[in-house]
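**Q** task: produce atomic coordinates for the following.
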Amino acid sequence: MENGKMTITRKRIINPQRYLYALHHGDKFYIAVPLESEDYPRLQSYGILSDSLARIPIPKRAATRMNANGRWKILKDLPKEERFFEHDYHVVDWHGTDHYGTCWQSRLCYQRELVPPTELAFVIEDQVLYSPLLVNTDSDFTNIKTAMNVALEMLGRCEVWTAERVPALPPVKQTEVPWEILRPGTRIQNDWAQYIDKIIEHKPKGQQAIIRNRHEHLWHMAPDFCVLGSQNFWGYVVYGFTALNLFVFECNEINNATYAFRGDWEAASKLTKTEVLSGHIQEARIYHSNKWYENTRKLIAGLSKEVA
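**A** As a prediction, the model looks like this:
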């Protein structure tokens, strides 16, 4: 992250929402790449020229092929169907004479349907590559994902820019430590609830209740204070149990894990994200499974008995 903006450098994006934390629901934005001199030959190989004309990239690999041609979705829940395939043949008879031709063979195959291509056209303007204008809504999810992956295939990086064509910056104020501490008081629950609302608003509806219920469970365990993540910890909430020297890190992803650390908050607040996720220094890692609620209760109750 440079000057508050994030450059995405992954090979492939599965969930684009995790990179849209600087936007609100319904915001319009671009996937953009500020260009260097060495980028232009790569873009030319995809048919993108610096003449301010929007073009659909030539399909080469997975992302550009899906954008230009769509893809076949296999329907394994339906009966197989007979399908015919033509292929060339070449045989030599016993006189040594070559025979060429084509023939057809039938085969039982799964039924399939074509997922239409997104056909997103990219343009170079003022030394920046732009996707079409996108909208941060569930209905535009496929276009957002495709735009990111096409840019990553062509250039290996991309950024999120606002409709005004400037880098989108995180909605929280940048500080030296990426945490906002909520001390006990009249506003703590409101601030916590608003933060939870914000981190789940871009999630699929089927995930929102799951994430909210986990946070509410930890909230009702009566932590001494609550810490909201910003910057690269955006979406994380830490529940602090001072008497137990315990800090429980919960994220906004499903099918992930909850991380618990022992010590004091000053030390815990300096952990990098790699240290949090590495699995080497935490007191416990509780996976999001059907036993998650039971295991988090056991962890906190067990430590409470130690203190008593």
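**Q** surely Arg71 meets Val115?
**A** Yes - applying C-beta atoms under 8 Å as the test, Arg71 and Val115 come out as touching, 5.0 Å apart. Bear in mind the C-beta positions are built from the backbone N, C-alpha and C, glycine included.
**Q** where does the residue located most distally from the centre of the chain fall, secondary structure wise?
**A** Distance from the centre of the chain peaks at His95, with 63.6 Å (C-alpha atoms, centre = their mean). Using DSSP states H and E, His95 sits in no helix or strand.
**Q** can you name the residues that contact it?
**A** His95 is in contact with no residue at all, counting by C-beta atoms under 8 Å, 6 or more residues apart in numbering.
**Q** for it, give me phi and psi.
**A** Per-residue torsions, His95: phi -90, psi 0 (degrees, to the nearest 10).
**Q** gap between it and Gly101?
**A** 17 Å (C-beta to C-beta, to the nearest Å).
**Q** go on, Lys80?
**A** To Gly101, Lys80 is 28 Å away according to C-beta to C-beta.
**Q** pLDDT below threshold where in the stretch 151-300 of the chain?
**A** Applying pLDDT under 70 to the stretch 151-300 of the chain picks out residues 170-188, 230-233, 264-282.
**Q** residue ranges of the strands in it, please?
**A** Using DSSP state E, counting those that start in this stretch, the strands of the stretch 151-300 of the chain run over residues 158-162, 179-182, 225-229, 237-241, 246-250, 257-262, 284-287.
**Q** could you dump these to TSV with distance to Thr296?
**A** TSV is the format used below for those (distance: least, C-beta to C-beta, whole Å):
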stretch	distance to Thr296
strand 158-162	34
strand 179-182	20
strand 225-229	15
strand 237-241	10
strand 246-250	7
strand 257-262	7
strand 284-287	6
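**Q** and these as JSON lines, adding mean neighbour count?
**A** Compiled in JSON lines, the strands of the stretch 151-300 of the chain are given as follows (neighbours: other C-beta atoms under 10 Å):
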{"stretch": "strand 158-162", "mean neighbour count": "22"}
{"stretch": "strand 179-182", "mean neighbour count": "17"}
{"stretch": "strand 225-229", "mean neighbour count": "22"}
{"stretch": "strand 237-241", "mean neighbour count": "23"}
{"stretch": "strand 246-250", "mean neighbour count": "24"}
{"stretch": "strand 257-262", "mean neighbour count": "20"}
{"stretch": "strand 284-287", "mean neighbour count": "15"}
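**Q** out of the ones you listed, which is closest to Gln111?
**A** Evaluated over the strands of the stretch 151-300 of the chain, closeness to Gln111 peaks at strand 158-162, with 35.6 Å, by C-beta to C-beta.
**Q** name the helices or strands packed onto that closest one?
**A** Judged by 3 or more C-beta pairs under 8 Å, 6 or more residues apart in numbering; DSSP states H and E, strand 158-162 is in contact with strand 7-8, strand 28-34, helix 141-155.
**Q** which one of the ones you listed lies closest to Phe225?
**A** The closest of the helices and strands packed on strand 158-162 to Phe225 is strand 7-8. By C-beta to C-beta, the value is 32.9 Å.
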